[in-house]
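[1] Quick one, structure for this:
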Amino acid sequence: QVQLVESGGGLVQAGGSLRLSCAASGSILSVAALGWYRRAPGTQRELVARISSRGITNYADSVKGRFTISRDNAKNTVYLQMNSLKPEDTAVYYCNALRAYTDTRFTLWSWGQGTQVTVSS
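    Below you'll find the predicted structure:
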């Protein structure tokens with residue numbers, strides 16, 4: 001079972017930026033898609049960005065134009081660059097692999113601890 005370790009979160013003022021990293025203990029080369037999720041207090045975990053094995057990306061409307069997902073297969077790492085952060089982006093952020101880029105219902109690996117992002121107004 002691949003282990004995931006998210007990092008890069010923190011406290012930032014509205015309008016600021018953060019870059020999250022997610023390191024996998026195993027190879028991500030053959031993974032169909034990777035995704036970044038977040039869960040705010042009292043809400044369900046939501047998928048905010050995903051990237052296919054070919055680099056095709058998709059974003060939730062709430063983050064489109066502000067967040068950028070990327071992957072480095074050589075480092076088994078997926079990133080999330082977050083710009084123009086808003087207080088509503090406050091959440092714990094997680095990554096995971098998707099069974100298919102076009103099917104977001106299923107993830108492949110156990111969830112990591114996540115990384116807390118807090119955006120102050």
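
[2] for the chain, what's the longest strand?
    strand 91-100 (DSSP state E).

[3] Which secondary structure elements does that strand sit against?
    Secondary-structure packing of strand 91-100 (3 or more Cβ pairs under 8 Å, 6 or more residues apart in numbering; DSSP states H and E): strand 4-7, strand 18-24, strand 33-39, strand 77-82, strand 103-107, strand 115-120. Every C-beta, even on glycine, is put in place using the N, C-alpha and C of the backbone.

[4] which of the residues in the very next helix or strand once past the shortest one are buried?
    With elements assigned by DSSP states H and E, the helix or strand that comes after strand 4-7 is strand 10-13. Within strand 10-13, the residues that count as buried by 16 or more other Cβ atoms under 10 Å are V12.

[5] neighbouring contacts of strand 10-13?
    L18, L85, Q116, V117, T118, V119, S120 (Cβ atoms under 8 Å, 6 or more residues apart in numbering).

[6] Let me know the closest of these to V2.
    Taking Cβ to Cβ as the measure, V2 lies nearest Q116 of the contacts of strand 10-13, at 22.1 Å.

[7] In contact with the closest one, which residues?
    With Cβ under 8 Å, 6+ apart, Q116 has these contacts: G9, G10, A91, V92, Y93.

[8] looking at the sheet around it, what are its partners?
    Counting by DSSP bridges, Q116 is bridged to V92.

[9] any idea how far Y101 is from it?
    According to Cβ to Cβ, to the nearest Å, Q116 and Y101 sit 27 Å apart.

[10] what is the orientation angle of the longest strand of the chain with strand 18-24?
    Relative orientation of strand 91-100 versus strand 18-24 (axes from the mean of the first three to the mean of the last three Cα atoms, to 10 degrees): 50 degrees.

[11] Give me the contacts around strand 91-100.
    Contacts of strand 91-100 (Cβ under 8 Å, 6+ apart): 2, 4, 6, 9, 20, 22, 24, 28, 31-40, 43, 45, 50, 78, 80, 104-109, 111-112, 114-117.
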